[in-house]
Each structure stands twice: as structure tokens, then as C-alpha cells.
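Participant: Quick one, structure for this:
(chains A and B)
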There are 2 protein chains.
Amino acid sequence: MLEFFFKPKSICLVGASTNPEKLGFKILKNIIDGKYNGRIFPVNPNADTILNLKCYKNVSEIPDFVDLALIVIPSDYVCDIAEECGKKGVKGLIVISAGFKETGQEGQKKEEKLKEIIKKYNMRLIGPNCLGIIDTKNRLNASFASDMPPEGKISFITQSGALGTAILDWAIKENIGFSKFISFGNKADVNEIDLIEELGNDPDTNVILLYLEGISDGRKFIDIGKKVSFKKPIIVIKAGKTEKGIKAAISHTGSLSGSDIAFDSAIKQSGIIRAKTVEELFDYSLIFSYQPILKGKNIGIITNAGGPSVMAVDTIEEIGLKLAKFSPQTIEKLKSFLPSASNVYNPVDVLGDAKADRYEKAIECVISDQNVDGIMVILTPQIITQIEETAESIVRKSKQYDKPVVTCFMGGKRVEQGIKILKENKIPNYFSPERGIFSLKAMFDYRKSIEEKSKGKIIKFKVEFEKVRRKIEYFRQQKIDIIGDIEGREILSFYGINVINSFLAKSQQDCEEFLKENQGVYVMKLVSPDIIHKTEAGGIKLNIKEPKEGKKAFTEIIDSAKKYKPNANIIGVQIQPMIKEGIEVIIGVSKDVQFGHLIMFGLGGIYVELLKDVSFRIIPITDIDADYMINEIKTSKILKGFRNIPEMDINSIKDTLLRISQLVSDFPEIEEMDINPLIVKEKGCIAVDVRLRFEF
Amino acid sequence: MLEFFFKPKSICLVGASTNPEKLGFKILKNIIDGKYNGRIFPVNPNADTILNLKCYKNVSEIPDFVDLALIVIPSDYVCDIAEECGKKGVKGLIVISAGFKETGQEGQKKEEKLKEIIKKYNMRLIGPNCLGIIDTKNRLNASFASDMPPEGKISFITQSGALGTAILDWAIKENIGFSKFISFGNKADVNEIDLIEELGNDPDTNVILLYLEGISDGRKFIDIGKKVSFKKPIIVIKAGKTEKGIKAAISHTGSLSGSDIAFDSAIKQSGIIRAKTVEELFDYSLIFSYQPILKGKNIGIITNAGGPSVMAVDTIEEIGLKLAKFSPQTIEKLKSFLPSASNVYNPVDVLGDAKADRYEKAIECVISDQNVDGIMVILTPQIITQIEETAESIVRKSKQYDKPVVTCFMGGKRVEQGIKILKENKIPNYFSPERGIFSLKAMFDYRKSIEEKSKGKIIKFKVEFEKVRRKIEYFRQQKIDIIGDIEGREILSFYGINVINSFLAKSQQDCEEFLKENQGVYVMKLVSPDIIHKTEAGGIKLNIKEPKEGKKAFTEIIDSAKKYKPNANIIGVQIQPMIKEGIEVIIGVSKDVQFGHLIMFGLGGIYVELLKDVSFRIIPITDIDADYMINEIKTSKILKGFRNIPEMDINSIKDTLLRISQLVSDFPEIEEMDINPLIVKEKGCIAVDVRLRFEF
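Facilitator: Sure thing, here's the model as predicted:
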């Protein structure tokens, strides 16, 4: 779809310059030096030739068709040139020039105009304010980055040109192969979603790296991420983690979510891999690009030093991989040739005097064991260590098996040549054991996530859609945007969620009468749309049995509420049966600017806020998403039977999560919601307090 | 004290060899190549000269005194040679040879014998089974490591020779200066504690790095660590984090602690800095060795690219540093020369076209601001970036101010020369912004910890020592090693801890009578030394008011307990007033094999186990340690007034922690203890359930 950017048959460069200091010169030189094999038309009204190429006064003068136009002239003139390109039939524009949206209102206008022109002529645009693109396979360096990285299978999409230069520079020094490099600047037209899709279909790309600062369309990002992740790994790093996307609002859910939570949920739901640091981005890119996928969690380690292998084992246990348990045959084989002081169990210590042959035999034993899914070879440069030969042994063994192999050749000067051999043969070497293990874990997580994503289903329950529609229509007309328990529970019940019975008392007398007629133990709660934290307002009374207790409680609640917030609208007090068994959980909904509705799950009580032990997903969620939401929180153990607490009905929580997801999908005008608490019992669960806010 | 190891006037090498493949040759060559300026005496009965040095048949034949003997002969002959060395008056031995404790019982015996000989002749020993030592200042390479690293101020002590080789190799490639390098192998004599002390007094060392697999003496490690940390930073990395040191025992505390928790507590209490990975070890060593200490938490950032600076800011906020707020003057100054598109607030964006002069001016503005405690300069290699010149600008500014400066020159090939300039001038450059910020944080934590350590006091309360001594003496004689609530509370009360009143009922009638005479609301609890989890055994009844309720509860508790554990020793049921206000916390004590007694603090209830949200310290603790223990847990907010819960008396918890620390220090036969719960109220706290185990 965007092929003309990467395989143009002809390029024009508007703003080509004779001055070697100018971008317009450097870019032309890059195109030529890169050995681009199509036609090149420099455009500059004041030059006859540049770098031995004939120069044209303007685009229309070019005597041939043009697929791609690179533009490096001051922003004021870009729109005119774009118009000219449109008329000429150019397919793609790369606007390198800055001076657009990033500079303020004036620039924003120019960018809008540019977008209109693009649309009018049905062209596509990368930029403005970008570094350009590189395609090593097609020998195209349409950028002002100095050098082209070596050819390879990693493609990199970056929102920051500056970071792009750093990454290209790294790739060149480390001899890491890249396929495509795209700096997309202000993304006035082509954005990360288009590019992920394009690279998803690109046979020359096996790993997509992505540096992002903001998302263009959260929903589409998830969808395309999901689609492409099935084909190849996408690794993303995003700057701006700590910024808050959602201002604290009426709900717990709102105050617990932030823009990074939405992004992180999107990542989880789409199968995209998140790198937390630049180092992780690089580390992961190597293993994914070079090695077959890890199929299980069992890791074998071969080492010539105890300490570093213990560090690897520590990391394996900490992050949830497993130290492989070798088969008896493997152990016998290892015993047959290793010195008696060696450890033949995992990690295998071939000892400090191991030469390459001993390493190779040990690797063969371990990698061929069917209980082993991937291996790490650790080497420290000891006195008789054969560093290059060992590297070659590893390469040989790695080629024979379809299991990932990573190495950790520790040191500097002496291990340099060995590492070079490994790299040339696509064995990722890590500076420390921990980083190698983390990279294997990223692979494991990716595979698991893709597997599960293929199973997850969005379930459609039979619900009373029409009744809810009418209810909400009424609220819309009445301009009621916040509703409390009573209406909230009604809506939930229409969607098949079990809710508590409740009686609304408007006076002392109401309370007295209700309690006379209905024996039992009750809770009394303030009903007021203006008071969110009822406990703080003294608006809750427990253990009410007698009519006279009820009367007293009513007065106390009302008085206390009035004191707490004098002009609050107080509707009355509701009386509910007190549920003694079960565990309180919370389910909430909030809305992120980029990604839309988020659903939250956590344990109830003050711990939700204190520990922020909650999980989020973007709506709609699949059944597998719901499972993960429940299992992800640290306190979920308590629901599964803990000490003297019996196992609770986790399926009923899952059911409720999925029904809420459906409700909010059906009625996106629901902006926020808290079911707090939802009480889970040994059988079933029951929604007690509900708050909802609409945005009409 | 160990000076003769590093500055020997004469060395003999026992096992010197003419064969270039042998260690005995390589070591001799290393000593000569290293330009050691004392006398060298190779010892080998079968050679006349090696490497042009006269060879001696044995140690006694050497015609001069010998300070240091290096031994590289098979382990069977080492003891004889050691004996000979002793007679000769040698002060220090470095036994490189392996074949001792690490190989099993036979070797263990040899090692014991070697230790005896050392003692007999009042010699000191490094090794056996080690790589040797290097002292760059004194030009001594008494090791079989190939090359000597450049001279510098970092000293490295390693328990693993293999890891040592890797680190030396790294230092050589990266041109990082080292002062001393000591591989101490089996530490038959000289151990990490001796070496930390020695390096603490060494004027040529400004940072001590330490790789450990096990600790020789936990208590001494803390003491010496504390002493030396005041003078210079000690950075430690330890392999073996996930192994468990304490088997799950009678107490919650026991099951929540492990050997790494003890080690981690020791680190915190001694002011030693812990590196979690090899990378962190290197990263921290550079900043501590090269830069002045960070005096506050306010960081200024200067960058030519947005993305990386956002990553730095994310990290600053995540780990508890602060983005400095510039003074109005600084902002004015920055505005005066930066282009209008620059950000003059922190982080300062000098823009992609910044040359060295713009960087330098901006750095000057930021580093001179008194609201800034340290700075990070980020550079991406953009088209006109002056990489080397900018490095020189940074060096210049860094030399003018006593504030730490770190850099992040991102990339590979193009930034290489710039990074070299930075390194040569002791500016630590980090591959990613995150690592630079983490390193600044390590500095901040170190300074804070040292400051607080100097203030912390171990408080001596006036207590009834003698009464407790007599009580424990009685248990010892009676061979009672586990005691429960009743005696436990008595002991606590002798140490000034407030405990709950309790009545022990042995029959239904006891209950009935007690409740008739003492009106109130009570809890009834099983008393049995054999049942730990009372709730699970149905051994707790709440809300007892009436005598008949009490009778019924007694029977139910006893029946339930008998069913739960048929042959349990059941003493009776205790009746306690039910405390409704307050928050339950737990204080516990357990014992680590290496470090001795640990004290634990956490919130009570099932969350202790579910979330493991607890803090540990090694006993005795200071008042500052107690403060930290309370504030360290995530749930501590709840004690400080949260929502409708009032602020609790945190000082009373602190007081209890300190009194328990004193109790256990006075009576180390207390092996384990749980006060669970200790109920903290708005004023004071009260110990409710207590369990104690002695190890007589």
C-alpha cells in the first residue's frame, strides 16, 4: 500500500542544494551514496547540476513520471510544491522541513493546508518535520541520516528523529542489520498505524520496533497491533509514562487510571511487546530478529563460572521462567565426559578450564534434551578459555536445533572477537546474564500472549438492551448525568447482573415501618448524588435490626451528611440486607482520551486505593482478558481459598466483567462507573453500590 | 594491616615454571611485565633461571627476606611450602592453587591444615583457589589475569575468580581505572570483612566494589560496612538472591523471611549500596568514583532531543528523585540566548541544531542554579551536532562546579570519540537516560543513608531484665521451648510493652462466672501450644457478651480444636476484652543463620501473608531504623490517617519495635517471636496475641 515510499522508480528532491552544508545537498548525496537504482531528479531553480545530476527548475519541468517527492524547503513554500507534485501525479511526499504544527498556531495552519492538498490529489505524506526513510534492501537512503545501517530484518518506526539518529548510529557501530527505518515526524498523514500495517506485510521485516510519544487512534492501534502481532513481533517503547491522562473524577476507577495504564492495557490486549528502556528495546530486537521463538519456559544454562550462572538462575526464578530439569539420559551423557567437579545438573558448570570442545559437547547434551526449550551459554574469559572457538561451537549447535540460544560472553577486550563471531551468526550476546534471561522472557510472553489471543472471544450475552436504551434516553432528556445506586442497579440488572434488594426510606417513619415488617440484619446508607465517599460523610450504618435502631440511624445519617456537605441534595436513606459472607471486590469503568473505555478490577475496601492493586483492560474485553484481569492482581489469591476463607465464585466475577464490557460497548455514553462493592460469594456475586456518569 | 600483600618489598613465586603454558610462568611474566619494582625470587627445583631471573630450589635457600609468597603448586604440597614460608618469616601467602575446600572432604582437610600453619607462624593468607591480586598504583600484578587495568580509584574484591577476569577485561576495554583487584577464593583466612576494612583505609581507593556469594560473619559485615561506608561508598552485588535461608517455622515472621531478606536488611543498615545486576555495579562504580556526591534530589536536564529527556523525566518521577525547578533568573538567562522554540524550563531543550556553544551556555545556566543538585546532559548525534566539542564543553563546566554531572550520548559510531573525551575526564556516560538517572539515585540514597546512620541511636529502656531472666531460666530448666500468649505477654510487659488483660478459662463454668462478674464485650480464644492458626481451627469467637454465650463458645472452641488436631495439648480458652478501635499490625522476630535476629513489621490480618508487605531489619535497631521499618511498607499510609480512619499512634509502634529489639538483644535465646496482632490505637498500642520460641 505504501510501497512507493520504499520502492519508488523515480524520486525528485525539491530543495536540492549545491552547498555541502545544507540538508538539500546531504540528502541528495545520501541517495546517491546509498546506491539507489531508480531515477533521481534534483529540483533547484538556481542550479544546472548538483553532484553530476541535471537539475530542474520545478517539479512540472521533470520530463518523466515521479513516484516520490522529497521536500526540504522552508515551510512557507511546501504547500505550493505539494500542489505541483499533485498535479504531476506524484504518489508519495516526504516532507523533511520543520516549521509546522510543532511551532504553534501559524505552523498548524500550514499543516492543515498541506493535509488538504494531499487529500485532494490522493497522495500520501510522511512528515512533515522528520528525518526521512531508509530501506536497506532497496538501497534507498531518503533521509539526512549520515550512514545506512547494514541490511537485516529489523524495521524501526520512530516518532522522534533525534532518537532515530541515535539508533541508526548504534546499529552501524554494533553491525546490527536493519530493513526499513522510518521517521514519521508530525504524522500529518501516514502514522504509526499505517506503518505497522505496511511492515506487517513486508517480507523483508521480521521484527517491528516502534518509538512512540503519542498514539493517533487508540482503538485502531489495538486492532492493527493484534493483527500484525500474529505475524511478527512488534516491540514498542513509549516516552511519557508518568503523565496523567485522566483527571481524578467521581470514581475510584478514574483516580486509579492514567494515560499510561490505558497504553499498557492496549499493549497487553494487542500482543505488542513493551520495552521499558532503550536497552530493552535493543535487547529484545536482537533475540526476536535472530532466534526462533521460545516454545516453553524451561531454560538450560551452560557456564564456565559459578557466579554469573547463579545470577541467571536468580533472574529466571524472579521473573517466572523455569530452570529446566534435565532428563536422566542428559545427566548420564554429561557425566560421561565432564570432569567430576562439574555440575551436571542445570546450570551445567563445565569448569574454568573448559575448552571449546567441552562446551560444545555440553551444549549438544542440553539443547537436545526435550525438557529444554531454550539455552543460555555463559563464558568468562579465563586463562585457557578458547573464546573464538567456543563462539563457533555455539554457532554450530544453534544451527542444528530450532530452539533459541543466547549468550553472555562477559568482559571487554578479550571477548570482543568471540562476540563478533556470535553476532555475525545471529546469536544475540548480552552484557549480563540478567539481560539475556529478560530477553528470553520477552519471547516467552510474546508467544503465550499470541496463543491466548487466538483463543479469546468477546461474548455476547442476551440482555434487555431496549430497556436500558430507554432509561438512558430518559436521563439524557432530563439532563441527569450522574446516577446512583437505585437506577444504577436497575441498569445492571437489565444486563443480567445480580443486584442487591434495597428499600428507599425518605423518613424516620419509613425506616421504622420497613424494619417492623422485614425482620433481618440491615445496612442503612445515605442516598445523595453529591456525596461520593459515604463512609467519610458518616452516611453508613451497619447491623441494624430493631425499628428503633433504624429510626435513630436515619436521623444520624441525614444530620451527618448535612454537616459534611451542607448544600448536598439528599434523597433519603436506603435499607439493604447486610451480607456477611463473601469478599468485596470492585469493578469500574473510566474513559481514556486515546483508547476509550477502560474496565478495572480489584479487591474492595481501602486496599484498592492504598495498594493500587488493580488491573485494567480496554473495552471490549474477551473471556481470556477477563481471566487475566482477575489473576493479575496480587490479592487474587484470596479469592481462590486462602486460610479459613473458602474459594469464591470467580466465574461470576468474570461473567460480570464481560457483561459490563458489553453494556459499555452498547452504551458508550457511559463515561464512568463504579460497582463498589461487588460482593463475591461461594456461589454467585451481587452488586451492592453502583455509580454511573454519562457524557451526553 | 594487610599492606604486605599490596606493597611487598620482595616476592617469591613457588611453582614458577619455564613452560609458557603454565600458570607458574604466566604469573611470573605478569609480575615482570607489570613493572613490579621489588625483588622477585622464582622457586623451582628444576630450573636455573626463568625469564632471566635466577631460580631457587626452595624458599629457605632464598638469600634475602621475603614479604609475600605466591604459591601455584598442586594442593598436596601447599602445606609443606607454607610451613617453609612460615620458618622463613614470610608475612603473606597468596595460594592460587585449587584443590581445597571446594573439592570436598579431602580438600577441606588440607585447607584446615593450611589454616593451622598460617596461625602458627602468624602469617596471613589470601586464597586458596583464587586468581591473585593486582595493585595498579604499586605496579603489582600478582595474578594470572592477562592484563593490568589502567590506574584509578576503584577497588574490586571478588569471591569469584571467573567473574574477576570478566571485570578486568571490561575495565581494560572501557579504559576504566582500578586501584586494587583482589580475588579471595575460598577465604580460608582473609575474607571480605578484612578486605573492606583494609580498603577503607587505603588512600588510593575511593570506591569499593564487592562481588559476594556468601557472607563470613553477618554481624561483623554490618559493623565494618557501617564504619567504612562513612568514609567511602561500598557497592555490592550478591549472587543467590532467591535461595531460602530460613525454613518456614512456627511464626509468620519466619515464613516471610529468607536469606536474601537478611542480607538486604544488613545492606540497608550498614549503608552499603546494593547493585542488582552487573550493569548496575559498573554504572554505580563510575559515578561514585568520578563525580562529587549528589547533595539533594533536584536534577537538571539539558538535551537536544525531546524523547530521551522524557524518558529521563519518567525515571526521575518513578524512583523518587525530583526534576529541579529553576529559579526565575535561570529561566531569564536561558531565554536570552536560546531559540524561541526551545524549552527553557526543565528539561532544557537546546534543539536539534544546537552546537557546542549553545550547550555550554545552557549547562552553565542550569548547573549554577542553586535549585539544581546535579545534571544530566543528553545528546543525540543529529546532523550538525558537534559531538566532541560538546563533550569538551561538558568537561569544562563540570570542573567548575562541585555537583555531579552525568551524560547520555546516545548512539554508537558517531558518538564514540565524544564518549572517549568524557571518560578521560571522569564524566560517566550512560547508554540510556534511565541508567544515568538510576546512578544519580544511588548517589542520593547513599548520602541520605550515611546522614541518617550518623543520627540513629540504639535506645536503652529501663526494663525489668532480672524478672525476664528468671522466667526464661525456668523455661530452660523445664525444657519448654515454645510459649504462648499468657507467658509471652508477661515477658513483654516486663519490657514495658502494653499488653491486653486476659482471663484463662479451663471450663464452661469459668467462662460463665467471669462473664457474670465482668460486663463487656469479649473475644474468646483457644489456648494450645500445638495449634498455630487458631482461626482455621475454629478457635476464636468474637462479640461475646452474655454468660450463656460464653459457655456455648467454650464448648464449641474445644470441640472444634479437638477435631482440627485430635492429639493437641489444649490448655483452655482465654477471655479478652474485644478491642474495636485501632489497626492490627504485626511485629515479629526470626533468626537468620548468617546475620542473627531479624525484626519484622507489617500490617496484620491476611494481607501480611497475601502481599508480603513487611519490612525487616537486623537486631539491634536504631530509632531511625524503626522509623524506616514503619514507613517502608506500602500500607503504612493507613496508619497516618486515611479516609475516615484517624491517625494512629505511630510512635507507640516505634517504641515497641525498639523494646523488642532490646529484649532479643538481652536474650538471644529467643529464636522466634510473633506479636500478632499488636493493636495500634490513636493513643498507644496493645499486644494481644504473642508467641515465642526459644533455642536453648
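Participant: make it CA atoms for all contacts and neighbour counts henceforth
Facilitator: Fine.
Participant: lowest-pLDDT helix or strand in chain A?
Facilitator: helix A:252-256 (a mean of 52; mean pLDDT, DSSP states H and E).
Participant: helices or strands up against whichever helix or strand comes after that helix?
Facilitator: Using DSSP states H and E, the helix or strand that follows helix A:252-256 in sequence is helix A:259-270. If you count contacts as 3 or more Cα pairs under 8 Å, 6 or more residues apart in numbering or on different chains; DSSP states H and E, helix A:259-270 packs onto helix A:218-229, strand A:614-618.
Participant: got a markdown table for those, with distance to residue B:577 and mean neighbour count too?
Facilitator: Below are the helices and strands packed on helix A:259-270 laid out as a markdown table (distance: least, Cα to Cα, whole Å; neighbours: other Cα atoms under 10 Å in any protein chain shown):
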| stretch | distance to residue B:577 | mean neighbour count |
| --- | --- | --- |
| helix A:218-229 | 57 | 20 |
| strand A:614-618 | 36 | 27 |
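Participant: out of these, nearest to residue A:523?
Facilitator: Closest of the helices and strands packed on helix A:259-270 to residue A:523 is strand A:614-618, at 26.7 Å (criterion: Cα to Cα).
Participant: which strands and helices sit next to the closest one?
Facilitator: For strand A:614-618, the packing partners by 3+ Cα pairs under 8 Å, 6+ apart are helix A:259-270, strand A:596-603, helix A:623-632.
Participant: try 10 Å this time
Facilitator: Applying 3 or more Cα pairs under 10 Å, 6 or more residues apart in numbering or on different chains; DSSP states H and E, one finds that strand A:614-618 makes contact with helix A:218-229, helix A:252-256, helix A:259-270, strand A:583-592, strand A:596-603, helix A:623-632.
Participant: Quick one: mean pLDDT for the fourth one?
Facilitator: In this case it means strand A:583-592. Averaging pLDDT along strand A:583-592 gives 93.
Participant: Now do it against strand A:596-603, angle only.
Facilitator: 160 degrees (axes from the mean of the first three to the mean of the last three Cα atoms, to 10 degrees).
Participant: anything in strand A:583-592 near chain B?
Facilitator: No - figure legend: strand A:583-592 not in contact with chain B (Cα under 10 Å from any Cα of the partner chain); closest approach 12.8 Å.
Participant: Strand partners (parallel or antiparallel) of that strand?
Facilitator: Strand A:583-592 sits in its sheet next to strand A:596-603 (antiparallel), strand A:670-680 (antiparallel), going by DSSP bridges.
Participant: Determine which of these approaches residue A:490 most closely.
Facilitator: Short answer: strand A:670-680, nearest of these by Cα to Cα, at 12.6 Å.
Participant: which element follows the closest one toward the C-terminus?
Facilitator: Per DSSP H and E, strand A:670-680 leads on to strand A:685-687 as the next helix or strand towards the C-terminus.
Participant: which residues are in contact with that next one?
Facilitator: Residues from elsewhere that reach strand A:685-687, judged by Cα atoms under 10 Å, 6 or more residues apart in numbering or on different chains: A:485, A:488-489, A:492-493, A:497-501, A:579, A:582-587, A:648-653, A:655-656, A:675-680.
Participant: neighbouring contacts of whichever helix or strand comes after that strand?
Facilitator: Using DSSP H and E, the helix or strand that follows strand A:685-687 in sequence is strand A:690-694. Strand A:690-694 is contacted by residues A:250-251, A:472, A:475-476, A:479-492, A:499, A:529, A:532, A:586-590, A:667-678 when judged by Cα under 10 Å, 6+ apart.
Participant: Would you mind confirming that residue A:582 is in contact with residue A:649?
Facilitator: Yes - counting by Cα atoms under 10 Å, residue A:582 does reach residue A:649; the two are 9.4 Å apart.
Participant: who touches both of those two?
Facilitator: Residues touching both residue A:582 and residue A:649 (Cα under 10 Å, 6+ apart): A:639, A:680-685.
Participant: For the stretch 451-600 of chain A, give the residue positioned nearest to chain B.
Facilitator: Of all residues in the stretch 451-600 of chain A, residue A:536 sits closest to chain B, at 5.0 Å by Cα to the nearest Cα.
Participant: how about the residues of the stretch 301-450 of chain A near chain B?
Facilitator: Residues of the stretch 301-450 of chain A lying close to chain B by Cα under 10 Å from any Cα are A:304-318, A:340-341, A:351-352, A:379-384, A:409-416, A:431-435.
Participant: of residue A:582 and residue A:649, who's got more company?
Facilitator: For residue A:582 versus residue A:649, the count of surrounding residues by other Cα atoms under 10 Å in any protein chain shown is larger for residue A:582: 21 against 17.
Participant: Nearest spatial neighbour of that one, chain-adjacent residues omitted?
Facilitator: Using Cα to Cα, 6 or more residues apart in numbering or on different chains and skipping the chain neighbours, the partner closest in space to residue A:582 is residue A:681 (4.3 Å).
Participant: Which pLDDT value goes with that neighbour?
Facilitator: 95.
Participant: ok, now which ones touch it?
Facilitator: Residues near residue A:681 by Cα under 10 Å, 6+ apart: A:579-584, A:639, A:646-650, A:652-653.
Participant: if we can go back for a sec, just put the strands paired with strand A:583-592 in TSV and tack on mean neighbour count.
Facilitator: Below are those laid out as TSV (neighbours: other Cα atoms under 10 Å in any protein chain shown):
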stretch	mean neighbour count
strand A:596-603	26
strand A:670-680	25
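Participant: residues contacting residue A:180?
Facilitator: Residues in contact with residue A:180 (Cα under 10 Å, 6+ apart) are A:6, A:133-138, A:140-141, A:149, A:151-157, A:199, A:202, A:204-205, A:208.
Participant: whoops, I mixed them up, residue A:577
Facilitator: Residue A:577 is in contact with A:500-503, A:518-524, A:542-544, A:688, counting by Cα under 10 Å, 6+ apart.
Participant: and with 6 Å instead?
Facilitator: By Cα atoms under 6 Å, 6 or more residues apart in numbering or on different chains, the residues touching residue A:577 are residue A:522.
Participant: and it, what are its bridge partners?
Facilitator: Going by DSSP bridges, residue A:577 forms beta bridges with residue A:522.
Participant: how close does it get to residue A:503?
Facilitator: For residue A:577, the distance to residue A:503 equals 10 Å [Cα to Cα, to the nearest Å].
Participant: can you check residue A:189 too?
Facilitator: Going from residue A:189 to residue A:503 by Cα to Cα gives 56 Å.
Participant: so how many other residues sit close to the residue nearest to residue A:121 when sequence neighbours are not counted?
Facilitator: Nearest non-adjacent residue to residue A:121, counting by Cα to Cα, 6+ apart: residue A:86, 5.2 Å away. Other residues near residue A:86 number 22, with proximity taken as other Cα under 10 Å.
Participant: measure residue A:86 to residue A:114 for me?
Facilitator: According to Cα to Cα, residue A:86 and residue A:114 sit 11 Å apart.
Participant: Residue A:668 now?
Facilitator: Residue A:668 is 33 Å from residue A:114, by Cα to Cα.
Participant: Would you mind telling me which of these two has the busier surroundings?
Facilitator: Set side by side, residue A:668 and residue A:114 show more neighbours around residue A:114, with 23 against 16, by other Cα under 10 Å.
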